[in-house]
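In: Give me a 3D structure for the following:
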Amino acid sequence: MTTRGSVVLVGHLSAPGGRIKRAATAASAVFQANGHTTVLLSTDSPDHDPSDPAGWGESLRRHLTSTVAAPPVAVVAVGGDGTAHVVLNVLLQHRQYQAQGQDPAQDTAFGLIASGSGNDLARHWASPRDDPERSAGRILRCLDTGPTVMDVGQVDFEDGSTAWFATALCAGIDAAVNQRANRYRWPRGSAKYVVALGVELLRHRAQTYHLEITEPGSRLSTRRELQALMVNVANSSSIGGGLGIVPWADATDAAMELFVVAPLTRLRFLRLFPSIYTGAHVRLEAVQIQPVTRVRIRGSHVVFADGEPLGQLPATVTVRPGALPVVL
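Out: Numbers count the residues shown, from 1 in each chain. Just a heads-up that it's a prediction; the model follows:
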């Protein structure tokens, strides 16, 4: 059989329970059966420094550097939104380095075998979850028909660091929930976000934010100072394992959605929470949703994106239209 190009699968292959390794192996078999060569890379490689966020992508970074002459047709994250975040950032950094150098641009597509706890990126694209064979089959069909280009959010911090995200940036109680849920070993799956939310409802207080907002079609920004419980910049429709904060979000429309929840009592927030699953929350006065292409956020809150810690406010979030070809 003539090879159809290389597919690289990247995941935390030594994760407890062996689920990620089994998913990667199963997906690899499907790709090989359809004429692709495969490479399995672990995010916890021998040169991995767990305390360095960039270290999680080092094995992929080295592989892409060594295969410039014959790049893979797809790099596939095997895991949850955090693994997708690592792979996406390495791919975008690699494309950035190519654009600055003399190497021809690579059209390597990004794919996902969703096997994590939140799986919000897969949920947004209606991709299979916890079914590696079906996920691999979907990726193969997308490779045959041609990748879609996906917008990403770019986050720039005061220290000069930059990161990209696929789903949403959180800088309110949603970030605090992510921070707490990431420490939980139990319960598993999206339930841990619900438990973490219950704890944060007792601890978290609304904060003051200063926003500079640029809307689609405008070159001018408007400034707002507000008290808020949640401040979120969404590229896709959900966070926290299925909380559909912006049901109509489109990751291909060259815009993001600024999602703000005004200060609420604990009782009112508890009443609001179930409506986020149904979409009824968008009609509530306390919820404001606004399309943006750029928003600078000043405050004193920690920042998460794709469920991963990025840093502290202030930060500037900018949409990068069609930044990455995807097979999702």
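In: Which parts of the stretch 201-328 of the chain are strands?
Out: In the stretch 201-328 of the chain, the segments counted as strands under DSSP state E, counting those that start in this stretch are 207-214, 221-228, 230-234, 256-261, 287-292, 294-298, 302-305, 308-312, 315-327.
In: Just send those strands back as a markdown table, with mean pLDDT and distance to Met150 too.
Out: No exception for glycine: its C-beta is placed from N, CA and C like everyone else's. Below are the strands of the stretch 201-328 of the chain laid out as a markdown table (pLDDT from 0 to 100; distance: least, Cβ to Cβ, whole Å):
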| stretch | mean pLDDT | distance to Met150 |
| --- | --- | --- |
| strand 207-214 | 97 | 21 |
| strand 221-228 | 97 | 25 |
| strand 230-234 | 96 | 14 |
| strand 256-261 | 97 | 12 |
| strand 287-292 | 97 | 17 |
| strand 294-298 | 98 | 18 |
| strand 302-305 | 95 | 15 |
| strand 308-312 | 95 | 18 |
| strand 315-327 | 98 | 5 |
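In: Can you say which of these is nearest to Ala175?
Out: When the strands of the stretch 201-328 of the chain are compared by Cβ to Cβ, strand 302-305 sits nearest Ala175, at 4.3 Å.
In: partner strands of that closest one, parallel or antiparallel?
Out: Paired strands of strand 302-305, with direction, are strand 168-170 (antiparallel), strand 308-312 (antiparallel) (DSSP bridges).
In: and the first one, what's its mean pLDDT?
Out: It stands for strand 168-170. For strand 168-170, mean pLDDT is 97.
In: Give me the next element, helix or strand, following that strand.
Out: Later in the chain than strand 168-170, the nearest helix or strand by DSSP states H and E is helix 173-181.
In: Quick one: work out the angle between that following helix and strand 308-312.
Out: Relative orientation of helix 173-181 versus strand 308-312 (axes from the mean of the first three to the mean of the last three Cα atoms, to 10 degrees): 120 degrees.
In: Offset the numbering so it begins at 585, please.
Out: Okay, residue one is now 585; in that scheme the one you just asked about reads as helix 757-765.
In: Keeping just the C-alphas, turn helix 757-765 into PDB.
Out: In PDB, the C-alpha atoms belonging to helix 757-765 read as follows (Å, rounded to 0.1, in the frame of the first residue of the first chain):
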ATOM      1  CA  ILE A 757     -14.900  32.400  38.900                       C
ATOM      2  CA  ASP A 758     -14.600  30.100  35.900                       C
ATOM      3  CA  ALA A 759     -10.800  30.400  36.100                       C
ATOM      4  CA  ALA A 760     -10.900  29.700  39.800                       C
ATOM      5  CA  VAL A 761     -13.000  26.600  39.200                       C
ATOM      6  CA  ASN A 762     -10.500  25.400  36.600                       C
ATOM      7  CA  GLN A 763      -7.700  26.000  39.000                       C
ATOM      8  CA  ARG A 764      -9.400  24.000  41.800                       C
ATOM      9  CA  ALA A 765     -10.700  21.200  39.500                       C
END
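In: angle of it against strand 814-818?
Out: 90 degrees.
In: Tell me the buried residues in helix 757-765?
Out: 757-765 (16 or more other Cβ atoms under 10 Å).
In: same thing with stretch 827-846?
Out: Buried residues in stretch 827-846, counted by 16+ other Cβ under 10 Å: 827-830, 833-835, 839-846.
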